[in-house]
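Student: I need the structure of the sequence given here:
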Amino acid sequence: MKTFQKSGLIQFTLTALLISGISCTDDDDDMNGAPTDADGNVYTTITIGDQEWLGKNLKTTSLNDGTPVPEVTDIVEWSDLETSGLSWYENDETRYKDVYGALYNWYTVDTRKLCPAGWHVPTADEWETLHDYLGDSVASKLKEVGNTHWSMQNNDAINSTGFTALP
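Tutor: Coordinates of the predicted model:
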């Protein structure tokens, strides 16, 4: 997978996917079994080109070594945080955990232990490979069709990959 370029489409796609949570790609093409995070959440996978991605955003509250990731609900505390943290959309885990997954700060992602064992947060190179494979309409090929989760017009979404990216 290739390097991240600041093209509007890649930046939009990366931003849209990261705002809703984190997806992961596999470290080994020969992995067996469904990816399972430290909390026991099991994920389906989506193959796009030669890449395999988690089919849902992460919703783990622990790193893959079992270390808990603290939940932070205060926006001021979140913006001042210099350690790992997670939050839920509208601070409502019950309602949104299964829809959007968790929201993680950079310190959590930077541990390189967020994804299930054998998986990792996509690199810039991997995002570029995804873009190269899907072409110029990458966002429309990844986005959920319709306006169920989108507050703005979403007429360009075709979700031909089955990835179902949410806003």
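Student: spatially nearest residue to residue 88, not counting backbone neighbours?
Tutor: With Cβ to Cβ, 6 or more residues apart in numbering as the measure, residue 96 is the residue that lies nearest to residue 88, at 5.4 Å, once sequence neighbours are left out. C-beta coordinates here come from the backbone N, C-alpha and C atoms, glycine included.
Student: again with residue 84
Tutor: In this structure, residue 84 finds its nearest non-sequential neighbour in residue 108, 4.2 Å apart by Cβ to Cβ, 6+ apart.
Student: before we move on, what about residue 59?
Tutor: Leaving aside its chain neighbours, residue 59 sits nearest to residue 101 (4.3 Å; criterion: Cβ to Cβ, 6+ apart).
Student: show me the helices in this structure, by range?
Tutor: Taking DSSP state H as the criterion, the chain carries its helices at 8-20, 75-80, 93-100, 106-109, 124-134, 138-142.
Student: any idea which of the ones you listed scores lowest on pLDDT?
Tutor: If you rank those by mean pLDDT, helix 8-20 sits at the bottom with a mean of 39.
Student: quick revisit: any idea of the pLDDT on the residue nearest to residue 59?
Tutor: Looking at residue 101, its pLDDT stands at 95.
Student: burial of it, as a residue count?
Tutor: Around residue 101 sit 24 other residues, with neighbours defined as other Cβ atoms under 10 Å.
Student: test my guess that it contacts residue 57.
Tutor: Yes: taking Cβ atoms under 8 Å as the definition, residue 101 is a contact partner of residue 57 at 2.9 Å.
Student: okay, and the helix or strand of this protein with the least pLDDT?
Tutor: Between all helices and strands in the chain, the lowest mean by mean pLDDT, DSSP states H and E belongs to helix 8-20, at a mean of 39.
Student: quick one: low-confidence parts of this structure?
Tutor: 1-23, 28-32 (pLDDT under 70).
Student: can you give me the strands in it?
Tutor: The residue ranges that make up the strands of the chain, judged by DSSP state E, are 25-26, 45-48, 51-54, 86-87, 103-104, 119-120.
Student: tell me the buried residues in the second one?
Tutor: Buried residues in strand 45-48, counted by 16 or more other Cβ atoms under 10 Å: 45-46, 48.
Student: do the same with stretch 131-150
Tutor: Under the neighbour-count rule (16+ other Cβ under 10 Å), stretch 131-150 has 131, 133-134, 138-144, 150 buried.
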